[in-house]
Every structure is written in C-alpha cells, then in structure tokens.
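Engineer: need a structure here:
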Amino acid sequence: MLYSSLHFRNLELPNRWVLSPMCMYSAQDGVANDFHFVHYNSRAIGGVGLVMVEATAVEPIGRITHKCLGLWNDKHQDAFEKITQFIHTKTAAKVGIQLAHAGRKASTWNGVQLPSEQGWQTVAPSAIAYKDGELSPRALTTEEIKTIVHLFRSAARRAVEAGFDVIEIHAAHGYLIHQFLSPLSNLRTDEYGGSFENRARLLYDIVQAVKEEITEHHALFVRISADEYAENGWNIEHSIALATQLKEMGVDLIDVSSGGNIHGVSIPVQDGYQVPFAHAIRQSANIKTGAVGLITTARQAELILENNQADLIFVGRELLRNPYLPLQGAFESGAECFIPSQYERARP
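Structural biologist: Here you go, the predicted structure:
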C-alpha cells in the first residue's frame, strides 16, 4: 500500500510517502533561497509522493522566527515557483505548503522569545503567555481576526499561483489557530471564544476562505494536535468532533500530530506514538488522515496503512537523515517508485 497512489478529487499522489513540514530557519525576509531549493527537491528526487513545505507565515508577525518562510508578497511567490516547477518537471512528486501563523509562539529564536527590542509584539486570542517569563501577547480584536482570515486567503491564492498542489492549514503545535481551539489558551467571551463552535470559528473561517481559492486539482489538508496532554485541555474527543465538521466543509485530510500548546506537559514519546490518534479520527470522523511521529522505516509505514490507521505517512527527521528513504524502501520490497533516469544505474 505504501507505493500505491491516492486521489483527492482530480489530484493524484503517486505514493503514500510525505515529507512532513519541518522548519528550516533559513529564510531571509521570508524568502526561500538555494538551501530550500536543494532541500525540497532532493526529497522529491528521493521518491516521496508529496513534498510539504514547512510552516509558512501569512504575515511578518506570524513567523516563529525571523528566519522563517513567508508568503505575503511577490518575492515569496516567485521563489516558491522555482521549487514547484522543478518538482513538477523533474520528479513524480506533488508539492504542498503549510500556511501558518505562530500567534503567541512567534518572535523567538532557538526556542527562546526575543526581547522586545529585538523581536515584535505577538498576538493571541487572549493575553496569556506561552510560558512564565515571556512577554504577554496582545489579544486580537474581532476586526484583526477577520484580517487574519483574509491573510490566509491571500496566501492560499499566492500558493495556487506559485504552483502548489496541496494547501495545508497549520492548526497544531500551539500556534495561533490551536491557541483559539484550546479552552486553556482561549478565554475570550465573544464569538471566537467560549463554546467549542466559537473556539473553532477562526479555523472554520480560514478553511472556507482557502477553499474559495483552490480548484478540483488541489487538495486541502489541516494539521491538528489531537491532544495537548493537559487537564481540561484540547483532547482526542474534541479532535474527532472538529474533524467531522471539517470533512463536511470539504477538507480532504487531517494531518494528525499532538502537543505544543501547553508548556511543560509530559508527552509519551515512542515509535509511532501519534498513530492511534490518526486511527481514531479516521475511524470516527470517516475522513482520510496522515500519521506522523517517529515513523522511521518502510515496514513500519506499511503496517500503519495495512491496519487502516492512516492514509498517508508523514516522515520528518528520518527523511532529514535519508532523503532517499522511499527509493530505498522500494528497492528492498520490490515495489515501483519514481527514480530519476540519471539514477537508474543504482537499481539493485
């Protein structure tokens, strides 16, 4: 199953391997450069079915760091177009981008919030800092929230024009949308706070806005943190309810991760530790899911698919260690996988 295709409307992925979006902290003013060109294209040459570009901010203050990618102007769009053109013309892979806003977890470097004179004022649903000792974010006004929805729409339009096949909305890991979803970080009393539906409203609005910018030849993913491992916080039951609604809205796949919103919690990290979340959401919400988190071998990935726990396999660190993991797995199993004509002599 790992080397079988998967369809989303008129979009076909050649296999189930996905390069998981991982921040490279290598951009200048948000613009992708030669490093990004080599990094993403090498994984496409290595045989993944989908290359997912890292968290890309929809506005300057939405970046996690000053070295993060952005997609709010023509320079950003033009740089991405060079990457998507290479992938489309030289490999079999499709290419996606993760659109994001870091909210209160912005303006950092090496995991530490920058002092006010070096960074920028962060924003959030409520004026609650991520951890003790950090500057409090400024609570967004209703009009500012609507502006952020517009920024996601604009970035999605640019992504389509730049040649991306998949748009993923980053609603996980304690970044802005996740901050709105969680009752621990969202204490608002207006239409964006309080009830489950109100806390999910920002994500719903963004999904609707992005949907209006894509076609039947694109897929729409949403990455969520299925559980934030905190008492009275966001959990798998909430995630199933959210995924059910997102499917009705036309979202094609839930990319299932966990954690990131509450500092200092204990996360039971082990091989495939987030796969049960992907399985539960797939089964209960009847929507395609992506599994991610310490998936390191083709055999492990194949078993996840065979057990109907997920539909796509998102791989992060292992593809940093070995960009040719999909090709290697195909060689070992005898499966068919894209290989550049220049590399044909490498077949066993």
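Engineer: which strands or helices does the lengthiest helix in the chain pack on?
Structural biologist: Using DSSP state H, we find that the single longest helix of the chain is helix 142-162. With contacts taken as 3 or more CB pairs under 8 Å, 6 or more residues apart in numbering; DSSP states H and E, helix 142-162 sits against helix 74-90, strand 94-100, strand 166-171, helix 201-211. C-beta: built from backbone N, CA, C; applies to glycine.
Engineer: and the strands in the stretch 151-300 of the chain?
Structural biologist: With strands called from DSSP state E, counting those that start in this stretch, the stretch 151-300 of the chain shows them at 166-171, 219-225, 253-257, 288-292.
Engineer: closest one to S20 among the ones you listed?
Structural biologist: Proximity to S20 (CB to CB) singles out strand 288-292 among the strands of the stretch 151-300 of the chain, at 5.4 Å.
Engineer: how about stretch 77-97: buried residues?
Structural biologist: The neighbour-count check on stretch 77-97 (16 or more other CB atoms under 10 Å) flags 77, 79-84, 86-87, 91-97 as buried.
Engineer: so L71 touches I97, yeah?
Structural biologist: Yes: in this structure, L71 is within contact of I97 by CB atoms under 8 Å, at 7.2 Å.
Engineer: hey, what's in contact with both of the two?
Structural biologist: By CB atoms under 8 Å, 6 or more residues apart in numbering, L71 and I97 have these common neighbours: 56, 80, 159.
Engineer: can you lay out these as a markdown table showing pLDDT and distance to T296?
Structural biologist: Converted to a markdown table, the shared contacts of L71 and I97 look like this (pLDDT from 0 to 100; distance: CB to CB, whole Å):
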| residue | pLDDT | distance to T296 |
| --- | --- | --- |
| T56 | 98 | 26 |
| F80 | 98 | 29 |
| A159 | 98 | 30 |
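Engineer: run through who's touching the longest helix of the chain.
Structural biologist: Residues from elsewhere that reach helix 142-162, judged by CB under 8 Å, 6+ apart: 56, 58-59, 62, 71-72, 76-78, 80-81, 84, 97, 99, 101, 123, 140, 167, 169, 176, 190-192, 202, 205-206, 209-210, 212-215, 218.
Engineer: could I get the strands of the stretch 151-300 of the chain as JSON lines with mean pLDDT, distance to L325 and mean neighbour count?
Structural biologist: Below are the strands of the stretch 151-300 of the chain laid out as JSON lines (pLDDT from 0 to 100; distance: least, CB to CB, whole Å; neighbours: other CB atoms under 10 Å):
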{"stretch": "strand 166-171", "mean pLDDT": "98", "distance to L325": "20", "mean neighbour count": "26"}
{"stretch": "strand 219-225", "mean pLDDT": "98", "distance to L325": "21", "mean neighbour count": "26"}
{"stretch": "strand 253-257", "mean pLDDT": "98", "distance to L325": "19", "mean neighbour count": "28"}
{"stretch": "strand 288-292", "mean pLDDT": "98", "distance to L325": "14", "mean neighbour count": "25"}
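Engineer: switch those over to JSON lines; also include distance to S239.
Structural biologist: Converted to JSON lines, the strands of the stretch 151-300 of the chain look like this (distance: least, CB to CB, whole Å):
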{"stretch": "strand 166-171", "distance to S239": "10"}
{"stretch": "strand 219-225", "distance to S239": "6"}
{"stretch": "strand 253-257", "distance to S239": "8"}
{"stretch": "strand 288-292", "distance to S239": "10"}
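Engineer: so which of the ones you listed gets nearest Q28?
Structural biologist: Q28 lies closest to strand 166-171 among these, at 21.5 Å (CB to CB).
Engineer: surely V51 meets H39?
Structural biologist: No: between V51 and H39 there is no contact under CB under 8 Å: 9.5 Å.
Engineer: more neighbours: which of these two?
Structural biologist: Taking other CB atoms under 10 Å, V51 and H39 do not tie; V51 has more neighbours (29 against 20).
Engineer: from H218, how far off is the more buried one?
Structural biologist: Distance from V51 to H218, counting by CB to CB, to the nearest Å: 15 Å.
Engineer: any stretches of this protein with poor pLDDT?
Structural biologist: Of all residues in the chain, none has pLDDT under 70.
Engineer: okay, strands next: where are they in the stretch 1-150 of the chain?
Structural biologist: 6-8, 11-13, 17-19, 50-57, 69-70, 94-100, 108-109, 112-113, 123-124, 138-139.
Engineer: of all the ones you listed, which one is nearest N186?
Structural biologist: With CB to CB as the criterion, N186 lies closest to strand 123-124 of these, at 8.4 Å.
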